[in-house]
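Asker: Here's a sequence, model it:
(one chain, ligands or ions: 1)
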Amino acid sequence: MFAAHTSIGYLSTKLALKYSSHQEMRNKAYFFGVLGSVFPDIDLFWFYSLGQRAVHHHNYITHKPLAWLLIIIPVITYLLVKKSKWSIVAICFFGNVMLHIITDTIVGNIHWLWPFVKGGTTLVAVTTRHDFWVYNFLDHWTFNIEIGIILFTLYILIKSISKSSIDSKI
Ligand SMILES: [Zn+2]
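Answerer: Prediction:
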């Protein structure tokens, strides 16, 4: 995935909040949910600086699903057992980290079974047709799906904003 991570972060957080009893954590859940949706790409700072673009950033630990699960499972289990109000925030953040990695698998190479198996999985290969790598993704048919997700998110967002402004006038 290239551009729709934050859209998926917003939509999935909205869906999670629908089933949460901790509505007082709503703003924090949206903040950390959307942050989680782009968080694995924090490795790009390393990739473009000290990493000197030597290996693809999907090879870094921030894009390794099993490494994340080692953190996610105990943290979310602990918060749920404690019936903490922070559980919804953690679910939104970590859930979106995993959604990021799942959607990166569509056109990016993700090492799902690392450290047990070398090599990764890509569902659809993007062929190199342009010198600048970004154009290869923008020119690929999967980018149309991303545009669809972004437009759908804008529609939901505008609907939510207009509904809340009508509710505040009543
Ligand atoms: Zn990524």
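
Asker: Pass me the low-pLDDT residue ranges in this protein, would you?
Answerer: Scanning the chain for pLDDT under 70 picks out 170.

Asker: what about the helices in it?
Answerer: Listed in chain order, the helices of the chain (DSSP state H) span 5-18, 26-38, 43-48, 65-81, 87-107, 133-138, 142-169.

Asker: what's next to the first one, contact-wise?
Answerer: Judged by C-beta atoms under 8 Å, 6 or more residues apart in numbering, the contacts made with helix 5-18 from elsewhere in the structure are 1, 23, 26, 29-30, 33-38, 41, 88, 91-92, 95-96, 99-100, 103, 149-150, 152-153, 156-157, 160. The way it works is simple: take the backbone N, C-alpha and C, and place the C-beta from them, glycine included.

Asker: sorry, back to before: which of the helices of the chain sits closest to the ion?
Answerer: Counting by C-beta to the ion, the ion lies closest to helix 87-107 out of the helices of the chain; the figure is 4.3 Å.

Asker: if we look at the ion, which of the contacts of helix 5-18 are close to it?
Answerer: The subset of those within reach of the ion, by C-beta under 5 Å from the ion, is residue 41.
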